[in-house]
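> this is a predicted model, with the sequence first.
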Amino acid sequence: MRSFFQFIQTFIRTQYKLIIVAGVSLFVGLGLAAVYATAIDYTSRLDFCAHTCHEMESTVYADYLHSRHFKNEHGVVVVCAQCHVPQNNWPLTFGHKVLATFELWDHFVGREYIDANFAKRRYYLAQKVLAGFKETNARECKSCHKYSNMLLDEQRPSIRAQHMDAMKTDENCLDCHQGITHQKQVDPNAPKPAKFDL
């Protein structure tokens, strides 16, 4: 036992610089991890997403308030980040948050906070989001909605058949479920249907 303590004393005396560097590195690492976790947590809250930018509050947030992701018979609330930020993968989450900072340019320089400006671009922004869901095969949807956990016998026959087909190919949820949380956007350049006077 005595030789063990002598070894520890000798190690501390000879390697004190290494011990200081390791201690400082640990302290700085824990500090950075805490700052990262706090920033991700804060920017993933509903209040941050909905009320930081006026263009969100008056448009997509207003849609969300009337959706089943906000109010439903189970009282489950799905916040913006659960659909729009990668879940359970910190490198993807970090990358997404870094890229999201470029939206500040759209807000301040593109002046999207003006309702009319945002309305003009909303269809194209929606297409960009849908393309992201297509690229990841609705990864964020599937972090909550799992085909394997569906009680198919409790679904209406037509829906059951569609879900059974979707399971076979692991289909993207948004191929069928667009407009669930936000109003489905219509291409402003699409030809208007002809009106017939009767």
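Structure's in. What do you need?

> pLDDT of stretch 153-168, averaged?
Stretch 153-168 comes out with an average pLDDT of 93.

> what's the answer for stretch 9-28, then?
On average, stretch 9-28 scores 88.

> which other residues reach that stretch?
Applying C-beta atoms under 8 Å, 6 or more residues apart in numbering, stretch 9-28 has no contact partners. Bear in mind the C-beta positions are built from the backbone N, C-alpha and C, glycine included.

> so what's the gap between it and the chain middle?
Distance of stretch 9-28 from the chain centroid (C-alpha atoms, centre = their mean, to the nearest Å) equals 41 Å.

> mind naming the longest helix for the chain?
Criterion DSSP state H: the longest helix present in the chain is helix 16-43.

> buried ones in stretch 143-157?
residue 150 (16 or more other C-beta atoms under 10 Å).

> same check, this time on stretch 58-66
Those buried within stretch 58-66 under the rule 16+ other C-beta under 10 Å are 59-61, 64.

> and the end-to-end length of it?
13 Å (C-alpha to C-alpha, to the nearest Å).

> got it, and stretch 59-72?
First-to-last residue span, stretch 59-72, C-alpha to C-alpha: 21 Å.

> in this structure, which ranges drop under the pLDDT threshold?
1, 194-198 (pLDDT under 70).

> let's go with 90 and repeat that
Residues of the chain meeting the criterion pLDDT under 90: 1-20, 51-59, 74, 88, 90, 102-121, 178-180, 184-198.

> so who does the most centrally placed residue in it touch?
The residue lying closest to the centre of the chain (C-alpha atoms, centre = their mean) is residue 85, at 2.0 Å. Shown in contact with residue 85 (C-beta under 8 Å, 6+ apart): 44, 93, 96-97, 140.

> okay, those in JSON lines with neighbour count and distance to residue 108 next?
Conversion of the contacts of residue 85 to JSON lines gives the following (neighbours: other C-beta atoms under 10 Å; distance: C-beta to C-beta, whole Å):
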{"residue": "44", "neighbour count": "18", "distance to residue 108": "22"}
{"residue": "93", "neighbour count": "17", "distance to residue 108": "24"}
{"residue": "96", "neighbour count": "16", "distance to residue 108": "20"}
{"residue": "97", "neighbour count": "17", "distance to residue 108": "18"}
{"residue": "140", "neighbour count": "19", "distance to residue 108": "27"}
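
> looking at those residues, which are in helices?
93, 96-97, 140.

> so which two of those are the farthest from each other?
97 and 140 (14.3 Å; C-beta to C-beta).

> quick check: closest non-adjacent residue to residue 44.
residue 81 (3.6 Å; C-beta to C-beta, 6 or more residues apart in numbering).

> neighbours of the one you found, how many?
Counted with other C-beta atoms under 10 Å, residues neighbouring residue 81 total 21.

> so it versus residue 56, what's the distance?
13 Å (C-beta to C-beta, to the nearest Å).

> overlap in contacts, those two.
residue 49.

> now the helices for the protein?
2-14, 16-43, 46-51, 54-55, 61-64, 80-84, 90-100, 103-108, 115-135, 139-142, 157-169.
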